[in-house]
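J.: 3D model of this:
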Amino acid sequence: MFQRLIKGCVKLVQRYLPEPFIFAILITIVAFICAMPICHQSPLDVLSNWGGGVWHLLEFAMQMTLVLVCGSVLADSDLIKKWLRSIASVPKTPFQAIAIVTLVSTIACWINWGFGLIVGVIFAKQIAMVVKGVDYRLLIASAYSGFVVWHSGLSASIPLAMATEGEALVKTTAGSIQHAIPISESVFSLYNLAIVITILVVMTLVNALMHPKGKDVVTIDPALLAEEAKPKMLETDIPTPAQKLERSKILTWLTAVMGLGFLVLRIGFQGGSFDLNMTIMLFLFLGILLHKTPIAYVRSLTKSSSAAAGIILQFPFYAGIMGILTGTAGGDGASLAGKLSDACVAISNEQTFPLLSFLSAAILNMFVPSGGGHWVVQAPILIPAGIELGVAPSVTGMSIAWGDAWTNLIQPFWAIPALAIAKLGARDIMGFCLIDLFVTGIIIMLGLLFLV
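T.: Predicted coordinates for the structure are as follows:
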């Protein structure tokens with residue numbers, strides 16, 4: 001019965017899910033059409049809101065690109081890959097292979113979403129080369145499924161935004177939060193950790209049990225996954241002064257010590273928060289250190305940057321969609337996102353508010369797959385409303401964060417870099433991810449209803 005359900009989901013997705021860029025265009029059209037009757041805006045009003053929003057997320061887009069690329073380069077270092085190869089030799093059966101890929105990816109995504117997203121796929125490819133009979137599609141889907149916990153972890157943009165003191169926090173929350181909320185009340189809260197651990201255990205088991213049987217298994221030739229040999233300097237070559245600088249370990253150490261030393265100074269001694277920029281710095285300079293020479297890091301970064309191509313292309317479109325969702329020009333002065341958030345507030349009480357905030361964020365995530373975008377759109381409405389109902393701002397923020405992360409399982413935007421590395425299409429993995437969506441959704445909703 002379970003296998004028949006999985007096959008049905010896989011066929012459904014393969015038939016109806018378009019390429020991610022086409023998906024972005026389609027939901028742009030849906031948002032455009034919905035904004036006119038719901039917000040009483042004319043087509044020109046909506047067009048103006050869309051065009052005005054296209055470039056509003058450039059700073060955040062650069063941050064997301066750097067998180068992804070720096071995480072990718074760190075995962076590409078010899079030390080990390082050696083560690084992954086040693087773990088890849090542990091599983092002996094497809095069941096064990098799927099389980100360990102899910103575990104590694106989920107833990108890594110909780111630590112850093114960019115690192116986890118990439119390291120999970122690299123690890124899955126290593127597994128595919130040594131474990132016979134394992135379904136390659138499910139391996140990559142399992143690697144991507146760990147991404148569902150990213151917004152409850154150390155690189156989560158909403159908890160980090162709440163933990164960052166300043167005018168932006170006050171403005172974004174409509175004055176409801178005057179001072180930073182430490183991550184001990186969000187990421188490290190008991191209810192959040194309970195949800196994460198439950199997902200880690202249950203999703204690992206579910207993914208392993210989803211492995212197809214017999215002729216339904218889709219494997220890949222290990223030869224297709226082998227890495228190209230790195231170019232080496234001929235023994236007869238005499239390094240030039242420039243080449244010596246490029247291969248200087250001293251420069252690497254000096255650079256890494258400066259970057260990592262600044263992090264220790266800012267966070268350990270000056271009381272700075274571990275926000276998104278600090279996360280990027282950590283993985284940037286740790287990656288430089290592990291690659292040993294400047295030129296090795298440059299080459300790895302050049303290779304890894306191509307994985308961000310889909311993000312670079314699609315982020316302006318999603319920023320435009322965000323412009324439609326938040327635009328108030330014309331009409332009755334209300335935004336589409338505001339209408340959704342207001343509807344959530346109208347039917348909520350103290351007990352159901354976190355759950356309904358989660359669901360509204362999950363819906364918005366299909367249109368704006370950006371944690372920072374969700375925070376800007378929903379925080380001014382949901383944070384004050386939650387406080388009025390007696391719900392702590394940290395709980396409301398984490399509810400929005402979980403909603404953003406949850407529907408990423410079927411929103412192909414963030415799967416783009418993983419799929420580029422795996423050389424698969426979104427339709428190859430999203431059928432399996434649909435099962436994970438149902439399973440994790442039950443866990444998160446029960447947690448938000450009964451644990452907060």
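J.: what's the closest non-adjacent residue to F147?
T.: C109 (5.2 Å; C-beta to C-beta, 6 or more residues apart in numbering). For every residue, glycine as well, the C-beta is placed using N, CA and C.
J.: and F262, how far is that from I238?
T.: 37 Å (C-beta to C-beta, to the nearest Å).
J.: who has more neighbours, those two?
T.: With neighbours defined as other C-beta atoms under 10 Å, F262 and I238 compare such that F262 has more, 15 against 7.
J.: so what's the more buried one scoring on pLDDT?
T.: F262 carries a pLDDT value of 93.
J.: so it is in which element?
T.: Element membership of F262 [criterion: DSSP states H and E] is helix 249-263.
J.: In that helix, which residues are buried?
T.: For helix 249-263, burial by neighbour count (16 or more other C-beta atoms under 10 Å) applies to T252, T255, A256, G259, L260, L263.
J.: thinking the last one is in contact with N277, fair?
T.: No: using C-beta atoms under 8 Å, L263 is not in contact with N277; the gap is 10.3 Å.
J.: So for the helix or strand hosting the residue nearest to F147, mean pLDDT?
T.: Counting by DSSP H and E, the element that carries C109 is helix 94-111. The average of the pLDDT scores along helix 94-111 is 95.
J.: Need the CA coordinates for it. PDB is fine.
T.: In PDB, the C-alpha atoms belonging to helix 94-111 read as follows (Å, rounded to 0.1, in the frame of the first residue of the first chain):
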ATOM      1  CA  PRO A  94      19.900   0.700   0.200                       C
ATOM      2  CA  PHE A  95      17.900   1.000   3.400                       C
ATOM      3  CA  GLN A  96      21.000   2.000   5.300                       C
ATOM      4  CA  ALA A  97      22.200   4.300   2.500                       C
ATOM      5  CA  ILE A  98      18.900   6.300   2.400                       C
ATOM      6  CA  ALA A  99      18.800   6.500   6.200                       C
ATOM      7  CA  ILE A 100      22.400   7.800   6.600                       C
ATOM      8  CA  VAL A 101      22.000  10.300   3.800                       C
ATOM      9  CA  THR A 102      18.900  11.700   5.500                       C
ATOM     10  CA  LEU A 103      20.600  11.900   8.900                       C
ATOM     11  CA  VAL A 104      23.700  13.700   7.500                       C
ATOM     12  CA  SER A 105      21.800  16.100   5.400                       C
ATOM     13  CA  THR A 106      19.300  17.000   8.100                       C
ATOM     14  CA  ILE A 107      22.000  17.700  10.700                       C
ATOM     15  CA  ALA A 108      24.100  19.600   8.200                       C
ATOM     16  CA  CYS A 109      21.200  21.800   7.100                       C
ATOM     17  CA  TRP A 110      20.400  22.500  10.700                       C
ATOM     18  CA  ILE A 111      23.900  23.800  11.100                       C
END
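J.: how about V149, what does it touch?
T.: By C-beta atoms under 8 Å, 6 or more residues apart in numbering, the residues touching V149 are T106, C109, W110, V196, I199, L200, A405.
J.: Max pairwise distance over these: which two?
T.: Using C-beta to C-beta, those span at most 13.7 Å, a distance reached by L200 and A405.
J.: Need phi/psi at P91.
T.: For P91, the backbone dihedrals (degrees, to the nearest 10) come out as phi -70, psi 140.
J.: Output the contacting helices and strands for the helix of greatest length in the chain.
T.: In the chain, with assignment by DSSP state H, the single longest helix is helix 426-450. Using 3 or more C-beta pairs under 8 Å, 6 or more residues apart in numbering; DSSP states H and E, the elements in contact with helix 426-450 are helix 2-16, helix 136-145, helix 190-209, helix 353-365, helix 393-406, helix 416-422.
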